[in-house]
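>>> Kindly generate the corresponding structure for this input.
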Amino acid sequence: MRSKWSYKLLFIFALTTLFSFSNLVPVQVVSADPIEPTGEWQMIVDGESGEGAFFYRFDFQENNLVTVTKQLGGDNIVEEKNWEISDNNLIITSGENAKITEFDDNPLTIEEDGLHYSNGFYFGTLQEHNSPFAWIHWVLILVVLMGLNELFRKSKWAGVIFYFVLPIALLPIWTSHDVSYWFKWVKVYSVVGASVWYILMRFSKLGKLTSAKLVAALFLALNIAEAVTQDFSMGYLPNILNGIAGILSIATLFYGFKQMTIEDTKERDLVWAKMPLLWIIAYDIWNWVFVYLNFPGSASAQFMVLLSCTIPAVFIKKGTWLQARAFTLAAWFMYYFTFPRFTETMEILVPRNDFLMLSVAVISLAANVAYAIVYLRRMRIQPQVVKQETVAYR
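Numbering: from 1, shown residues only. Below is the predicted model:
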């Protein structure tokens, strides 16, 4: 029998691996003295409501040239510009007909933790992107989140500390990082709330109540609705198509929710046995496309976050996708809010253009339409099956 200490050690290891990684990666320290930036630097800037987030990649080259990539909403822009150091500022100069002009009149201020950008509502910190460490970090997202999910299945108190205590204890740190976009704040506390609810269901009498099971499903529906609202607020065709896919995901979500059970095992897993794998796959496609369209700088990380709950639900413990999704997504957002600037520099740039954006949106809609057809057929057949079983029983 495994020792309880093994779970405690696993908790400590999993909790600190990604967190401590931010202190191990060698990020270039910028001083007040003149510098010569080289290589790739990047930052994410939160937009106003309805804008999503802007992802910037700066590729500094010789002869004071810099290639600036900007991914946002419905645009994907790449432009070459000039740069120079003056006093304590890095000054960007654009050519004629440039579209990325926000840095021309707003020099980047050189500070110890990076190059600071401020332009009214918009602000961010440009830091060096270390590609080898970024790929290591990308893999660690999957490994650590899957490890945490297993830990929270095995240890009630690990989950209680992580989801009941840390979101309150870390709030002063989270508010100090100036994460401004409403969606991120709503998301972190909605998924933390879902994790808390699922733990309460697993270890109290709530797990037997149909109303509690409905609330469990509604947490997921709320999660999707938040994203659908964001998609429609963007107003671009790919976002609208993906928003429709999200609505279909909500409409087909509740199949078999009343049959959720709390297994009478040591893990006390919340099992939704009738949640179809096809729905999960359609949801995963929709969710990644949502991030790709609205928060392009986070697309690489969210791919691993999605895998971290789907893999366990398919290969480790079937039927546990709902609790795994809450645990892993909440853990990721808690990590992001604790080290936002670091995670932004670790993001991997995902190719993005008008054709790709429309293509993935069509795939998302097609996947959810396909499952909606399966769902309608299943709902039409189900009453007949129940009637036949009732007649057979009599």
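>>> Do me a favour and get the backbone dihedrals for residue 66.
Note on residue 66: its backbone torsions stand at phi -140, psi 130 [degrees, to the nearest 10].
>>> Please tell me how far it sits from residue 212.
55 Å (CB to CB, to the nearest Å). In short, each C-beta sits where N, CA and C put it, glycine included.
>>> Quick check: buried residues in the helix or strand where residue 150 lies?
Per DSSP states H and E: residue 150 is located in helix 131-154. For helix 131-154, a neighbour-count test (16 or more other CB atoms under 10 Å) marks 133-134, 137-138, 140-142, 144-154 as buried.
>>> Kindly report the same for stretch 75-82.
76, 79, 81.
>>> Need the residues that contact that stretch.
64-70, 92-95, 98-100, 103, 352-354, 357 (CB atoms under 8 Å, 6 or more residues apart in numbering).
>>> where along the stretch 51-200 of the chain do the strands fall?
Assigned by DSSP state E, counting those that start in this stretch, the stretch 51-200 of the chain shows strands spanning 53-60, 65-72, 75-86, 89-93, 108-111, 114-119, 122-128.
>>> Neighbouring strands of the first one in the sheet, and parallel or not?
With DSSP bridges as the criterion, the sheet partners recorded for strand 53-60 are strand 39-46 (antiparallel), strand 65-72 (antiparallel).
>>> Could you list the domains of this protein?
Domain segmentation of the chain under automatic domain parsing yields 39-128, 131-392.
>>> want to try CSV for those, with mean pLDDT as columns?
Converted to CSV, the domains of the chain look like this (pLDDT from 0 to 100):
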stretch, mean pLDDT
domain 39-128, 94
domain 131-392, 93
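>>> So which of the ones you listed is the most surrounded?
Each of the domains of the chain was scored by mean neighbour count; the highest is domain 131-392, a mean of 18, by mean count of other CB atoms under 10 Å.
>>> and that domain, how far from the chain's centre?
Its chain's average C-alpha position is 9 Å from that of domain 131-392, according to CA atoms, centre = their mean, to the nearest Å.
>>> Point to the residue nearest the middle of this protein.
residue 302 (4.5 Å; CA atoms, centre = their mean).
>>> That one sits in which helix or strand?
Residue 302 belongs to helix 299-311, assigned by DSSP H and E.
>>> okay, the angle between the following helix or strand past that helix and helix 131-154?
Later in the chain than helix 299-311, the nearest helix or strand by DSSP H and E is helix 321-338. Here helix 321-338 points in a direction 130 degrees away from that of helix 131-154 (axes from the mean of the first three to the mean of the last three CA atoms, to 10 degrees).
>>> hey, C-alpha coordinates of helix 321-338 in CSV?
Taking C-alpha atoms only, helix 321-338 is exported to CSV below (Å, rounded to 0.1, in the frame of the first residue of the first chain):
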residue,chain,number,x,y,z
TRP,A,321,-13.2,14.3,-17.6
LEU,A,322,-15.4,16.9,-15.9
GLN,A,323,-13.5,17.0,-12.6
ALA,A,324,-10.2,16.7,-14.5
ARG,A,325,-11.1,19.7,-16.7
ALA,A,326,-11.8,21.8,-13.7
PHE,A,327,-8.7,20.7,-11.8
THR,A,328,-6.3,21.3,-14.6
LEU,A,329,-7.8,24.5,-16.0
ALA,A,330,-8.0,26.1,-12.5
ALA,A,331,-4.4,25.0,-11.8
TRP,A,332,-3.2,26.5,-15.0
PHE,A,333,-5.0,29.9,-14.5
MET,A,334,-3.7,30.0,-10.9
TYR,A,335,-0.1,29.5,-12.2
TYR,A,336,-0.7,32.1,-14.9
PHE,A,337,-2.0,34.7,-12.4
THR,A,338,1.0,34.0,-10.2
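>>> the helices in the stretch 201-350 of the chain, which residues?
Remark: helices assigned in the stretch 201-350 of the chain by DSSP state H, counting those that start in this stretch are 210-234, 237-251, 277-294, 299-311, 321-338, 340-346.
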